[in-house]
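Engineer: just to be clear, the model below is a prediction. Sequence and coordinates:
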Amino acid sequence: MKPLFIAAALAFSTLPAVAQDDVVCMATEEMEASLVDWYDETPAVMAEDGTIVWASGIGGTWTMVSYNEDGTSCALAQGDNWSPKMDADALLASLPFGQG
């Protein structure tokens, strides 16, 4: 499992502050543990489709995560400067690869 965590860590560390086309997917438990352990993020807001934005607090990092029925989750976008006024549905709709 360590190679998977290392690969995921490298993938997450290369995500820019704005949404990008590369989607990182892994087992939901691993995704959530990674967000908590590496970024100190917790669930902040849910979009209408069940996508959840995890955030580390006002002005901190955020990650938009979609949940799949097969037990995996995908990080669709990541950024900085989280604000509680950010709308998860608007963030999802703004992704360049048509997730919204």
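Structural biologist: That came through, no problem. Residues are numbered from 1 along each chain as shown.
Engineer: now the helices for the chain?
Structural biologist: Here the chain has its helices, by DSSP state H, at 2-13, 28-39, 88-93.
Engineer: hey, least reliable of the ones you listed by pLDDT?
Structural biologist: Ranked by mean pLDDT, those end with helix 2-13 at the bottom, a mean of 45.
Engineer: what is the burial count for residue 80?
Structural biologist: Counted with other C-beta atoms under 10 Å, the neighbours of residue 80 add up to 12. Yep, even glycine has a C-beta here, placed from its N, CA and C like the rest.
Engineer: what's near enough to touch residue 73?
Structural biologist: Going by C-beta atoms under 8 Å, 6 or more residues apart in numbering, residue 73 touches 25, 26, 27, 28, 31, 32, 65, 66, 67.
Engineer: do you know the pLDDT at the nearest residue to residue 74 once chain neighbours are set aside?
Structural biologist: In space, not counting the residues next to it along the chain, residue 74 is nearest to residue 25; the distance is 4.1 Å by C-beta to C-beta, 6 or more residues apart in numbering. pLDDT, residue 25: 96.
Engineer: report the contact partners of residue 25.
Structural biologist: By C-beta under 8 Å, 6+ apart, the contact list for residue 25 reads 68, 72, 73, 74, 75.
Engineer: please name the nearest non-neighbouring residue to the last one.
Structural biologist: Think residue 75. Leaving aside its sequence neighbours, residue 75 sits nearest to residue 24 (C-beta to C-beta, 6+ apart; 4.6 Å).
Engineer: do I have it right that that neighbour meets residue 74?
Structural biologist: Yes - taking contacts as C-beta atoms under 8 Å, residue 24 lies within contact range of residue 74: 6.6 Å.
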